[in-house]
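**Student:** Below: sequence and its predicted model.
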Amino acid sequence: MDLGTLHSPVLIFGGPYSNLAATQAMQAEAARLGIPAQQVICTGDLVAYCAEPEATVQLIRDWGISVVMGNCEESLAQNAPDCGCGFDQGSACSLLSVEWYNFSNKRLPADDKQWMSTLPRRLTFSLNGQRFTVVHGSYERINEFVFASEDKALKVHQRQLAESDVLIGGHCGLPFGTALGTGYWLNSGVIGMPANDGTRDGWYMLLQPVDGQINVSWHRLAYDANHAAERMRQAMLSDAYANALMTGLWPSVDILPAAEQAQTGTRLEIAPLLMTP
């Protein structure tokens with residue numbers, strides 16, 4: 001999908017993760033900022049850990065924003081046996097995913113799954129003379145984890161494959177921006193789970209055109225995490241992710257590289273980037 005040339009700020013977020021309260025807060029924040037649905041992009045994984053998959057998907061659809069297919073959308077659309085997240089078999093993340101995936105798969109109506117099957121795997125647009133490509137994992141793999149500490153060579157290669165100045169990914173759950181010498185790799189972070197930094201906040205990203213350049217900034221999203229966690233307990237989902245909403249710490253860090261594991265519980269601070277053509 002190509003959104004064409006955009007001329008005003010773009011809001012990007014990922015991972016609603018069936019967290020209706022966080023998604024409602026994101027929609028309200030976009031309205032507060034005066035950013036219309038046509039300028040809002042979600043990097044996928046609408047449905048995952050939390051307790052309100054149907055209502056979260058309905059809100060996103062009614063909102064009318066652009067959504068890139070994530071591995072969760074791909075799996076649910078195909079009625080696949082698992083989420084296709086790319087977790088190592090037998091890992092804590094893999095074992096925990098069985099419950100929430102089955103919970104969501106049973107509750108989502110066929111119409112939502114059919115809609116998920118139509119989502120684009122890649123989305124492109126231009127802003128202030130720079131070309132952007134938005135994917136879920138990497139350009140080549142929908143479920144590839146790409147973190148801030150990842151070797152720049154991989155990011156450069158993926159950006160070159162995309163034939164874009166900037167590649168925006170999701171999936172890994174942590175916000176960051178990397179200058180690649182030529183071009184950039186960005187990740188907005190997610191709204192449906194905290195960033196493993198000991199706070200309850202989600203994250204989103206703004207792209208703001210300024211005098212021939214683009215200012216990239218990352219922002220915290222506060223929402224009613226107590227309500228979201230209570231909804232999970234009412235649905236009798238595992239306490240692991242409900243507790244994560246409250247503590248700001250993931251129940252497992254086995255998908256994280258050593259550098260990101262070492263940052264567990266440390267409050268994130270992300271400096272803005274000024275991107276030049």
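**Tutor:** Received, thanks. As the structure is a prediction and not an experimental result, all values here were calculated from the model. Numbering: from 1, shown residues only.
**Student:** where along the stretch 151-277 of the chain do the helices fall?
**Tutor:** 152-162, 225-234, 239-247, 258-262 (DSSP state H, counting those that start in this stretch).
**Student:** most centrally placed residue in this structure?
**Tutor:** residue 14 (2.1 Å; C-alpha atoms, centre = their mean).
**Student:** Could you measure from residue 38 over to residue 119?
**Tutor:** As judged by C-beta to C-beta, to the nearest Å, residue 38 and residue 119 stand 17 Å apart. In this view, the C-beta of every residue, glycine as well, is placed from N, C-alpha and C.
**Student:** Looking at these two, which is more packed in?
**Tutor:** residue 119 (20 against 13; other C-beta atoms under 10 Å).
**Student:** And for the more buried one, nearest residue in space, chain neighbours not counted?
**Tutor:** Among residues not flanking residue 119 along the chain, residue 69 sits closest, at 3.8 Å (C-beta to C-beta, 6 or more residues apart in numbering).
**Student:** what's the answer for residue 276, then?
**Tutor:** Leaving aside its sequence neighbours, residue 276 sits nearest to residue 213 (C-beta to C-beta, 6+ apart; 5.3 Å).
**Student:** cool, and residue 5?
**Tutor:** Excluding its sequence neighbours, the residue lying closest to residue 5 (C-beta to C-beta, 6+ apart) is residue 126, at 4.6 Å.
**Student:** Next, the contact list for the residue located most distally from the centre of the chain, please.
**Tutor:** Relative to the centre of the chain, and counting by C-alpha atoms, centre = their mean, the farthest-placed residue is residue 211 at 28.4 Å. Contacts for residue 211 (C-beta atoms under 8 Å, 6 or more residues apart in numbering) come out as none.
**Student:** quick one, phi/psi of it?
**Tutor:** phi 50, psi 50 (degrees, to the nearest 10).
**Student:** Can you report how many residues neighbour residue 234?
**Tutor:** For residue 234, using other C-beta under 10 Å, the count is 9.
**Student:** Also residue 110?
**Tutor:** 8.
**Student:** How much space separates it from residue 3?
**Tutor:** Distance from residue 110 to residue 3, by C-beta to C-beta: 28 Å.
**Student:** Look up how far residue 276 lies from residue 63.
**Tutor:** For residue 63 relative to residue 276 (C-beta to C-beta), the value is 32 Å.
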